[in-house]
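Asks: Below: sequence and its predicted model.
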2 protein chains.
Amino acid sequence: MELWYTEQHTDNVKFSLKVKDHLFTGQSEFQKVDVLDTFEYGRLLTLDGLVMVTDKDEFIYHDMIVHVPMAVNPQIKKVLVIGGGDGGTVRELMRYKSIEHVDMVEIDKMVCDVAREFFPAISCDLDNERVSLYYEDGIKFIKSKKNEYDLIIVDSTDPIGPGEGLFSVEFYTDCFNALTENGILTNQSEGAMYETHAKELVRSHNKIKNIFTISKIYQGNIPTYPSGYWLFGFASKKLDPIKDLQADAWNAFNLKTKYYNTDLHVGAFAIPNFVKETIENGTI
Amino acid sequence: MELWYTEQHTDNVKFSLKVKDHLFTGQSEFQKVDVLDTFEYGRLLTLDGLVMVTDKDEFIYHDMIVHVPMAVNPQIKKVLVIGGGDGGTVRELMRYKSIEHVDMVEIDKMVCDVAREFFPAISCDLDNERVSLYYEDGIKFIKSKKNEYDLIIVDSTDPIGPGEGLFSVEFYTDCFNALTENGILTNQSEGAMYETHAKELVRSHNKIKNIFTISKIYQGNIPTYPSGYWLFGFASKKLDPIKDLQADAWNAFNLKTKYYNTDLHVGAFAIPNFVKETIENGTI
């Protein structure tokens, strides 16, 4: 008997993966959590039925959300991760010996528990001694923080369900205030190929650009996300992702990465005209 | 009743589009030709059941296979297109008033006929007076040509069926001989995310790099192709796609493009480490 997992990317587009086994299903206080073992992508975590992470392509997402800001400011010492319960973001951060401390705030403990059990290669640094893990609401957590973090990474779900508040003006303002003078915010910013995602991209970009001095969009190829083309936001108080790129300093870290390199960093900000227009127009 | 078209991207991955109508089905001497009207991507042409082109995302493929070489040598005057029966490649070429003549060799007349009937916005320049259209085998056509074309574009199907010979050492050697001193060859080079495509990528790249002085791979985001991440080959006798990029000259053409721009041109050659390794190792 063949089992297939299907994600509805839009009402009119479906993406399906052949499944070996349904390893876990649970309902947390916040969302439905499932783990599948697939033939092509290895293990797959879904939240409310949407792909969050797979063994095969998680390196792309995590490379892009972590190494891009690290190459713009290799002196980053203190980091806040909001969401990111699978642990991939923290794992990439922990490869920098120069990072002193990471606060990670994941609202849903079940995501971390499931990652620890089913995704050992992704969750391996959740209990690193340089990481403080809080099972709390990131929106509340950040309110008391002022001028504290060099980098905030919002590694969230889509702006529906528990992730919704992470796309609000109030939250972005709190991020701005929690960042140091050289502070950078990166976040996953949805896609641009389908209208539903492009609307959210524009909505969040419009908010962020009113709060931060610098606000740019960059791209990555994530085959298990809708259309395979995904966007990230880079916002900062003063550092420009291209002009301030410290390629030599980043290369001196000597990290082996499967996706990211400093040429690709520059290329990631060279977005297609239709995406540029979507963002500049502020409507779709 | 809901109708869905499904393409099997690998044995274990499927991509499905909701269909309004099945507009055409035919069997030519070479392949099965179908046209569907889909909700998300508009009209869709399949050959032997694989997506070739859709109304919604065709601009990405055609921008990348045409404007990349044109920006490296804006003086291109004579072009050979092999395949490309839908007409999108010729349409983009015809936007350059400086191009004097295009020979287009499409083995399957049914593809052009169907494009003329169902894809008027793509096929609009198939009968341009600067285009000579031959319904012949490109492999045979090119044999008699020496030092004649400034650009050859191999706009082919995958290396199975009628497209297979377009991925051979003999054919690439004939392309080399048919090109002028500044000659450039671009071709669609499959993907890198799935093993079946990556194998073909490596196979064709290994052949081309033994024949041409310069041989590079560049990337584009094509959501209806497997994994949404697709690669193109750039080969030439002496022009380098980055060092010889003539951004100002290309911008002076003043073409409005929906995907391509000269920053993206540079970024398209900044490929991820895993693709670089696949190509450099010459095996996967």
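Replies: Done, it's in. A quick note: this is a predicted structure, and the numbers were derived from the prediction, not measured.

Asks: Give me the distance between the two termini of stretch A:114-134.
Replies: In stretch A:114-134, first residue to last residue: 16 Å (Cα to Cα, to the nearest Å).

Asks: Mean confidence (pLDDT) on that stretch, please.
Replies: Per-residue pLDDT over stretch A:114-134 has a mean of 98.

Asks: Buried residues, that stretch. List them.
Replies: A:114-116, A:118-119, A:122-126, A:128, A:131, A:133 (16 or more other Cβ atoms under 10 Å in any protein chain shown). No exception for glycine: its C-beta is placed from N, CA and C like everyone else's.

Asks: cool, and stretch A:275-284?
Replies: Within stretch A:275-284, the residues that count as buried by 16+ other Cβ under 10 Å are A:275, A:276, A:278, A:279.

Asks: Let's have these in CSV, adding secondary structure and distance to chain B.
Replies: Shown next, in CSV, are those (DSSP: H, G, I helix; E, B strand; the rest coil; distance: Cβ to the nearest Cβ, whole Å):
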residue, secondary structure, distance to chain B
A:275, helix, 9
A:276, helix, 8
A:278, helix, 11
A:279, helix, 14
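
Asks: of all those, which two lie farthest apart?
Replies: A:276 and A:278 (7.3 Å; Cβ to Cβ).

Asks: Can you tell me the closest non-neighbouring residue to the residue in the stretch 101-250 of chain A that chain B sits nearest to?
Replies: Relative to chain B, the nearest point of the stretch 101-250 of chain A is residue A:228 (1.8 Å; Cβ to the nearest Cβ). Distance criterion Cβ to Cβ, 6 or more residues apart in numbering or on different chains; nearest residue to residue A:228, sequence neighbours excluded, is residue B:228 at 1.8 Å.

Asks: Test my guess that the one you found contacts residue A:221.
Replies: Yes. Using Cβ atoms under 8 Å, residue B:228 is in contact with residue A:221, at 6.7 Å.

Asks: circling back to that earlier point, in CSV, list the buried residues of stretch A:114-134 along with distance to residue A:239 and secondary structure.
Replies: Output for those, formatted as CSV (distance: Cβ to Cβ, whole Å; DSSP: H, G, I helix; E, B strand; the rest coil):
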residue, distance to residue A:239, secondary structure
A:114, 35, helix
A:115, 31, helix
A:116, 34, helix
A:118, 37, helix
A:119, 32, coil
A:122, 28, helix
A:123, 30, helix
A:124, 30, coil
A:125, 25, coil
A:126, 28, coil
A:128, 26, coil
A:131, 24, strand
A:133, 27, strand
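
Asks: and those as TSV, adding distance to residue A:38?
Replies: Formatted as TSV, the buried residues of stretch A:114-134 follow (distance: Cβ to Cβ, whole Å):
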residue	distance to residue A:38
A:114	16
A:115	17
A:116	20
A:118	12
A:119	13
A:122	15
A:123	18
A:124	21
A:125	24
A:126	23
A:128	28
A:131	29
A:133	28
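
Asks: Restricting to those residues, which residues neighbour chain B?
Replies: Filtering these for proximity to chain B by Cβ under 8 Å from any Cβ of the partner chain leaves nothing.

Asks: check whether the longest helix along chain A contacts chain B.
Replies: In terms of residue count, the longest helix belonging to chain A (DSSP state H) is helix A:195-211. No. For helix A:195-211 and chain B, the contact criterion (Cβ under 8 Å from any Cβ) is not met; the two come no nearer than 9.4 Å.

Asks: Please state the mean pLDDT value computed over that helix.
Replies: 94.

Asks: Show me what it is in contact with.
Replies: Residues from elsewhere that reach helix A:195-211 (Cβ atoms under 8 Å, 6 or more residues apart in numbering or on different chains): A:10, A:158-159, A:167-169, A:172-173, A:176, A:185, A:187, A:189-192, A:215, A:217, A:226-227, A:231, A:233, A:235, A:278-279, A:282-284.

Asks: what's the distance between the residue nearest to residue A:228 and residue B:149?
Replies: Residue B:228 sits 32 Å away from residue B:149, going by Cβ to Cβ, to the nearest Å.

Asks: Show me which residues of the stretch 51-200 of chain A are close to chain B?
Replies: Close to chain B, as judged by Cβ under 8 Å from any Cβ, the stretch 51-200 of chain A has residues A:57, A:59, A:60, A:193, A:194.

Asks: got a winner among these for most neighbours?
Replies: With neighbours taken as other Cβ atoms under 10 Å in any protein chain shown, the top of those is residue A:193, carrying 26 neighbours.

Asks: That one and residue A:14: what is the separation?
Replies: Look at residue A:193 and residue A:14: by Cβ to Cβ, they are 15 Å apart.

Asks: residues touching residue A:59, list them.
Replies: Counting by Cβ under 8 Å, 6+ apart, residue A:59 makes contact with A:257, A:258, A:259, B:274.

Asks: Ignore what I typed, I meant residue A:75.
Replies: A:98, A:150, A:182.

Asks: Confirm the last one sits in a strand?
Replies: Yes. Assigned with DSSP: H, G, I helix; E, B strand; the rest coil, residue A:182 falls within a strand.

Asks: which one is it nearest to, not counting chain neighbours?
Replies: That would be residue A:73: by Cβ to Cβ, 6+ apart, it lies 5.6 Å from residue A:182.

Asks: ditto for residue A:42
Replies: Per Cβ to Cβ, 6+ apart, closest to residue A:42 is residue A:55, 3.0 Å.

Asks: Ok, residue A:109 next?
Replies: Spatial nearest neighbour of residue A:109, excluding adjacent residues (Cβ to Cβ, 6+ apart): residue A:135 at 4.4 Å.

Asks: what do you get for residue A:87?
Replies: residue A:123 (3.5 Å).

Asks: Now do the contacts for the residue most central in space within chain A.
Replies: Compute the mean C-alpha point of chain A, and by Cα atoms, centre = their mean the closest residue is residue A:155, 3.4 Å away. Contact analysis of residue A:155 by Cβ under 8 Å, 6+ apart lists A:65, A:81, A:82, A:83, A:84, A:89, A:187, A:188.

Asks: rerun at 6 Å
Replies: Residue A:155 makes contacts with A:81, A:83, A:84, A:89, as judged by Cβ atoms under 6 Å, 6 or more residues apart in numbering or on different chains.

Asks: Specify which member of those residues is nearest to residue A:6.
Replies: Ranked by distance to residue A:6 (Cβ to Cβ), the contacts of residue A:155 are led by residue A:83 at 24.7 Å.

Asks: Is it correct that that closest one is in contact with residue A:156?
Replies: Yes. At 4.3 Å, residue A:83 counts as touching residue A:156 under the criterion of Cβ atoms under 6 Å.

Asks: more neighbours, the two?
Replies: Shown here are residue A:83 and residue A:156; by other Cβ under 10 Å, residue A:83 has more neighbours (24 against 19).

Asks: Which pLDDT value belongs to that one?
Replies: Residue A:83 is assigned 96 on the pLDDT scale.

Asks: what about residue A:214, how many residues close to it?
Replies: Residues contacting residue A:214 under the criterion other Cβ under 10 Å number 18.

Asks: I'd like to know how far the closest residue to it other than its chain neighbours sits from residue B:95.
Replies: Nearest non-adjacent residue to residue A:214, counting by Cβ to Cβ, 6+ apart: residue A:236, 4.8 Å away. Computed as Cβ to Cβ, the residue A:236 to residue B:95 distance reads 38 Å.
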